[in-house]
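[1] fold the stuff below for me.
(one chain, ligands or ions: 1)
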Amino acid sequence: MHAVVLVGGFGTRLRPLTLSTPKPLLPIANVRQLEHLIAHLSTAGVTHVALALGFKPEPFFEAFPDGMCAGVQLHYAVEPEPLDTAGAIAFAARDAGITDTFVVMNGDILCDLDVAALVAFHKAQGAEGTLHLTPVDDPSQYGVVETTADGKVQRFVEKPAPGESESNVVNAGTYVLEPSVIDRIPAGEKISIERVVFPSMVADGTLSAMPTDDYWIDTGRPDTYLKANLDLIDGSRQSILSSIGANAHIDASASITHSVIGEGCVVGAGCVVTDSVLLAGSVLGDRVRVERSMVMGSVSDESSLQDCVIGAGVVIPAGEHLQNARVPDPEQKS
Ligand code: GTP
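    A predicted model of the protein is given here:
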């Protein structure tokens with residue numbers, strides 16, 4: 001599945017940090033925010049991400065020189081001029097040749113949303129577009145979204161006065177869109193998706209929305225950028241905490257989520273390790289995916305493990321894809 005990630009904004013609210021580094025490349029607990037975001041998308045089956053770039057694209061090329069991030073293939077779509085959110089999404093989707101259902105995410109969102117569940121909800125609704133919604137304490141600061149009981153968006157209410165709307169959920173900045181949404185956006189025009197395209201889809205009855213109350217933060221303000229960092233180190237977000245042992249060598253392009261990496265392990269370029277334990281001395285080659293597995297041995301390039309247990313001394317050959325395997329098989333008599 002393809003995704004478009006919006007990373008071309010000016011990040012004015014986070015100045016002076018964003019004077020030298022674009023907001024999505026600022027670290028959250030020592031890992032670039034964009035890497036957290038793309039690793040999260042990859043767990044939902046996103047294999048290609050088009051970065052909608054505008055302002056300051058060069059640092060992105062330098063950050064990911066091989067065009068890979070967290071095991072996901074990047075496409076750089078650089079706007080000739082800032083096109084606002086809808087213009088940027090359409091430009092990037094056309095530039096990357098997207099022709100199927102795709103995900104869009106604002107580059108300054110960190111959340112624990114189950115993106116695959118949002119895609120499944122979108123398909124079950126038969127919607128043209130589906131928004132992720134999140135609750136806020138003080139809706140008067142935001143634009144709230146009102147939905148019907150069956151999940152269709154009814155209206156947007158910008159900064160509601162007390163009593164004006166019963167809704168306390170806001171647009172959380174992750175969308176699932178059909179390619180027909182791109183056709184609603186004329187090429188090269190500066191258009192906002194929130195203020196222009198979504199209201200026109202509401203009028204046509206084609207926009208759905210799914211609220212969740214899991215972890216969500218927009219890191220675009222100084223107070224929320226600080227909170228996003230501290231939430232990661234104090235354990236508020238258990239799901240992406242990891243523990244890395246001494247002398248482990250983890251390539252900068254690898255993504256480690258909710259896992260334990262033992263002493264002296266080697267993790268190669270573009271690896272994605274999720275919900276797993278690599279015991280001391282394990283070695284992963286390049287672009288290896290490890291999910292819900294325990295590894296003592298070595299796993300060669302381009303292989304994947306799901307729900308596997310790999311013993312000491314084992315070398316899984318390159319390009320092998322194992323599920324529910326124990327190697328060596330303890331049932332087999334030697
Ligand atoms: P502020 O200047 O602090 O408001 O930040 P921002 O420029 O990032 O704006 P905002 O947070 O509203 O933008 C939401 C998302 O859209 C962010 O991920 C931005 O990077 C992105 N974005 C906003 N405008 C554009 C644009 O014209 N082009 C592209 N490619 N992305 C944009």
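
[2] any idea which element residue 85 lies in?
    Here residue 85 sits within helix 84-95, counting by DSSP states H and E.

[3] interface residues of the stretch 151-300 of the chain facing the ligand?
    Those residues of the stretch 151-300 of the chain that sit near the ligand, judged by CB under 6 Å from any ligand atom, are residue 220. Using the backbone N, CA and C atoms, a C-beta is placed for each residue, glycine as well.

[4] assign residue 39 to helix, strand or coil.
    helix (DSSP: H, G, I helix; E, B strand; the rest coil).

[5] check which residues of the host helix or strand of residue 203 are buried.
    Counting by DSSP H and E, the element that carries residue 203 is helix 198-204. Neighbour counts using 16 or more other CB atoms under 10 Å place 198-199, 201-202 of helix 198-204 among the buried residues.

[6] again with stretch 59-78
    For stretch 59-78, by 16+ other CB under 10 Å, it's 60, 63-64, 68-72, 74-78.

[7] and if you look at stretch 33-50?
    Within stretch 33-50, judged by 16+ other CB under 10 Å, the buried ones are 33-44, 46, 48-50.

[8] which one of those is nearest residue 18?
    residue 33 (11.6 Å; CB to CB).

[9] residues contacting the closest one?
    Contact analysis of residue 33 by CB atoms under 8 Å, 6 or more residues apart in numbering lists 23-27, 107-108, 110, 219, 228.

[10] which residue is the nearest non-sequential neighbour of the closest residue to the ligand within the stretch 201-334 of the chain?
    In the stretch 201-334 of the chain, the residue that lies nearest the ligand is residue 220 (4.5 Å; CB to the nearest ligand atom). With sequence-adjacent residues excluded and distances taken as CB to CB, 6 or more residues apart in numbering, residue 220 is closest to residue 108, at 4.4 Å.

[11] for the one you found, give me phi and psi.
    The phi and psi torsions at residue 108 (degrees, to the nearest 10) take the values phi -110, psi 20.

[12] please name the residues that touch it.
    Residue 108 touches 9, 11, 23-24, 33, 173, 218-220, counting by CB under 8 Å, 6+ apart.

[13] ok, now residue 26?
    Going by CB under 8 Å, 6+ apart, residue 26 touches 14, 17-18, 32-33, 219, 225.

[14] neighbour-wise, which one of those residues leads?
    Most neighbours among those, by other CB atoms under 10 Å: residue 219, with 26 neighbours.

[15] OK, contacts around that one?
    23, 26, 28, 33, 108-110, 225, 228.

[16] report how many residues lie close to the closest residue in space to residue 304 that isn't next to it in sequence.
    Leaving out its chain neighbours, the residue that sits closest to residue 304 by CB to CB, 6+ apart is residue 289, at 4.1 Å. Neighbour count for residue 289, taken as other CB under 10 Å: 22.

[17] how about residue 289, phi and psi?
    phi -110, psi 130.

[18] picking that back up, quick check: the farthest pair among the buried residues of helix 198-204?
    Among the buried residues of helix 198-204, 199 and 201 lie farthest apart (CB to CB), at 7.3 Å.

[19] my read is that the residue nearest to residue 304 contacts residue 305, right?
    Yes - counting by CB atoms under 8 Å, residue 289 does reach residue 305; the two are 7.2 Å apart.

[20] thinking again about what came up before, need the buried residues of stretch 59-78 in a markdown table (columns: pLDDT).
    Output for the buried residues of stretch 59-78, formatted as a markdown table (pLDDT from 0 to 100):
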| residue | pLDDT |
| --- | --- |
| 60 | 95 |
| 63 | 93 |
| 64 | 92 |
| 68 | 91 |
| 69 | 90 |
| 70 | 85 |
| 71 | 84 |
| 72 | 92 |
| 74 | 97 |
| 75 | 97 |
| 76 | 97 |
| 77 | 97 |
| 78 | 96 |
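
[21] just the ones of these in helices?
    Among the buried residues of stretch 59-78, the residues falling in helices (DSSP state H) are 60, 63.

[22] ranges for the helices of the stretch 1-150 of the chain?
    Along the stretch 1-150 of the chain, counting by DSSP state H, counting those that start in this stretch, helices occupy 17-20, 33-42, 58-63, 84-95, 115-125.

[23] cool, and the stretch 201-334 of the chain?
    222-233.

[24] against the ligand, how distant is the nearest residue to residue 192 once chain neighbours are set aside?
    Using CB to CB, 6+ apart and skipping the chain neighbours, the partner closest in space to residue 192 is residue 84 (4.9 Å). Between residue 84 and the ligand the computed distance is 5 Å (CB to the nearest ligand atom, to the nearest Å).
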